[in-house]
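1. using only what follows, build the 3D model:
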Amino acid sequence: MLWLWLILGILGGLSLIFLFIRCNNNWLQVTRHTFRAEVDRGVKIVHLSDLHGKEFGRRNARLIAKIVKERPDFIVITGDIVHKYREKDKRVALELVSALCGVAPVLYVSGNHEMRNKGYRFFRKDLMEAGAAVLDNCPRNICGLTVVGLNCTALKNGVLKKITPETSGAKILLAHMPQFVDNYASCGYDFVFCGHAHGGQWRIPFTKQGIYAPGQGMFPKLTSGVHERGRTKMIISRGLGNSECPIRLFNRPEIVIVELIKK
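-> Below is the predicted model of the structure:
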């Protein structure tokens, strides 16, 4: 009978490992930040990033339900909503955007996965038809805030300073990649919303230290939370889906809630 108990033990261990990995990749976490800002009234923003075509329930029902409960003033998506231009990825992304536009205005900025091929110009049109405001190097005024979107390829072309407006109120930048925080801060933004780093993909337990992030390499510093550069506060989402590495460890998918209250 020893062999039977051994087999049952192995199967039980494998089941626990499978359950642990499944929870790490599908159990949504809500992270909240509150800041004082130059606003006329309180503003609640939902920040999503790096969906990569993933679904949380049929047609992302679990993800949408959590956002509906928050009753946001607007929603920002900071890129990589698709992994590749597969039909499944596009369907998932457009269904989600369409549903979220029924909850609150959606402001979208591209990530590196959208910009990988010429398909983006068609996908961009689809996003706008689904109801999103696609901020490719342009501003949008909403809730008394100036929100600017930086196209994922534009930073290398020196576009950021050209598109940054002069304004007396609070100013927000949507930019996919966090490693350029010094460039963002130099333009005087109050808040910057980023993604891209996936929280470091695998995180060392109890330390919040990620293992790897694109553009930063091993043991990156900018993978989640709030990072300050002078007056600029950069809020990084750990993201929702996965890219080349298909598994997240100690790094649950994240919905970020930012509340701005009057100074």
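2. use CA for all of it now, contacts and neighbours both
-> Will do.
3. any low-confidence regions in the stretch 101-250 of the chain?
-> Along the stretch 101-250 of the chain, the model assigns pLDDT under 70 to residues 156-157.
4. just the helices in it please.
-> For the stretch 101-250 of the chain, the helices defined by DSSP state H, counting those that start in this stretch occupy 120-130, 160-163, 181-186.
5. and those, which is most packed in?
-> Each of the helices of the stretch 101-250 of the chain was scored by mean neighbour count; the highest is helix 181-186, a mean of 18, by mean count of other CA atoms under 10 Å.
6. what's in contact with that one?
-> Here helix 181-186 makes contact (CA atoms under 8 Å, 6 or more residues apart in numbering) with 160, 173, 192, 229-232, 234.
7. hang on, the earlier thing: now the helices of the stretch 101-250 of the chain in CSV, with distance to K90?
-> Formatted as CSV, the helices of the stretch 101-250 of the chain follow (distance: least, CA to CA, whole Å):
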stretch, distance to K90
helix 120-130, 8
helix 160-163, 28
helix 181-186, 30
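8. the contacts of helix 181-186, buried ones only, as a ChimeraX selection?
-> Buried members of these, defined by 16 or more other CA atoms under 10 Å, are picked up in ChimeraX with:
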select :160,173,192,232,234
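9. from the contacts of helix 181-186, which land in strands?
-> Counting by DSSP state E, the part of those found in strands is 173, 192, 229, 232, 234.
10. now for those residues: which two are most distant?
-> L173 and R229 (13.9 Å; CA to CA).
11. what helices or strands is the longest helix seen in the chain leaning on?
-> If each helix of the chain is counted by residues according to DSSP state H, the longest one is helix 2-26. Using 3 or more CA pairs under 8 Å, 6 or more residues apart in numbering; DSSP states H and E as the contact test, no helix or strand touches helix 2-26.
12. just checking, next helix/strand downstream of that helix?
-> Scanning forward in sequence from helix 2-26 by DSSP states H and E, the next helix or strand is strand 29-37.
13. now the helix or strand following that next one: mean pLDDT?
-> Using DSSP H and E, the helix or strand that follows strand 29-37 in sequence is strand 43-48. The average of the pLDDT scores along strand 43-48 is 98.
14. now do strand 43-48: which elements does it pack against?
-> strand 74-78, strand 254-262.
15. need the winner for burial among those.
-> Mean neighbours per residue, mean count of other CA under 10 Å, is largest over these for strand 74-78, with a mean of 25.
16. now for that strand, which elements pack on it?
-> strand 43-48, strand 106-109, strand 171-175.
17. same thing but 6 Å
-> On a contact count with 3 or more CA pairs under 6 Å, 6 or more residues apart in numbering; DSSP states H and E, strand 74-78 meets strand 43-48, strand 106-109.
18. ok, the residue sitting nearest the centre point of the chain - contacts?
-> The residue lying closest to the centre of the chain (CA atoms, centre = their mean) is S49, at 1.8 Å. S49 makes contacts with 77-79, 195, 239, as judged by CA atoms under 6 Å, 6 or more residues apart in numbering.
19. run the last query once more with 8 Å
-> 77-81, 194-196, 237-240.
20. export the contacts of helix 181-186 as TSV, with columns for distance to W27.
-> Listed next are the contacts of helix 181-186 as TSV, based on distance: CA to CA, whole Å:
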residue	distance to W27
L160	36
L173	28
V192	26
R229	32
G230	35
R231	34
T232	31
M234	25
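21. for the contacts of helix 181-186, which one is nearest K90?
-> Once CA to CA is applied, the member of the contacts of helix 181-186 that ends up nearest K90 is L173, at 25.0 Å.
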